[in-house]
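Asks: test case, fold it:
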Amino acid sequence: MHWTIEDMAWEDPEGAALRAGQRAELDARYGCEDHEPGAAPSAADIDVFLVARDRVTGAALACGALRRLDAGSAEVKRMYVAPGARGTGVATAVLRALEAAALERGWATLRLETGSLQPDAERFYRREGYREIPLFGAYVGSPISVCYERVLA
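Replies: Numbering: from 1, shown residues only. Next up, the predicted model:
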């Protein structure tokens, strides 16, 4: 393992830079800025925000967050890996750390939304044990959303 995973404040500048990189990639992929149904995550509604850092350089490599949905479930938000760290396993490490954080909080089910133009994300979540589910919450009726779920316990 060439990284550490830290719980950070949502407003942390390095975490914000990772999220901005994700946003730029998705804006380019979808050809617009309007590709996320529902309220964007914020410091007010994100319960967990994790950042993976390179052990040697300290550079921020990846991030992921959890937003509580109800007493037993949460939504994975802002999973992103910087281009230079892709294919290293850091995405799986962040996802597993999010799953552990969810279980610590009593959330046995994780849900997420990704977009129909993100087949790479869909492959990743399927490989990691998530199954496609009907659209939920703000994503109901979205022509570009694909939702997944994993029951952890």
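Asks: longest strand anywhere in the protein?
Replies: Scanning the chain for the strand with the most residues, using DSSP state E, yields strand 60-70.
Asks: buried stuff in that strand?
Replies: 60, 61, 62, 63, 64, 65, 66, 67, 68 (16 or more other CB atoms under 10 Å). From N, CA and C alone the C-beta is placed, and that goes for glycine too.
Asks: and the two most separated of the residues you listed?
Replies: 61 and 68 (25.6 Å; CB to CB).
Asks: would you map the strands across the chain?
Replies: Going by DSSP E, the chain shows strands at 3-7, 48-54, 60-70, 73-81, 109-115, 131-133, 145-151.
Asks: nearest to residue 17, out of those strands?
Replies: strand 60-70 (6.9 Å).
Asks: lowest confidence element among the helices and strands of this protein?
Replies: Lowest by mean pLDDT, DSSP states H and E among the helices and strands of the chain is helix 13-30, with a mean of 93.
Asks: helices or strands up against it?
Replies: strand 48-54, strand 60-70, strand 73-81, strand 109-115 (3 or more CB pairs under 8 Å, 6 or more residues apart in numbering; DSSP states H and E).
Asks: good, wrapping up.
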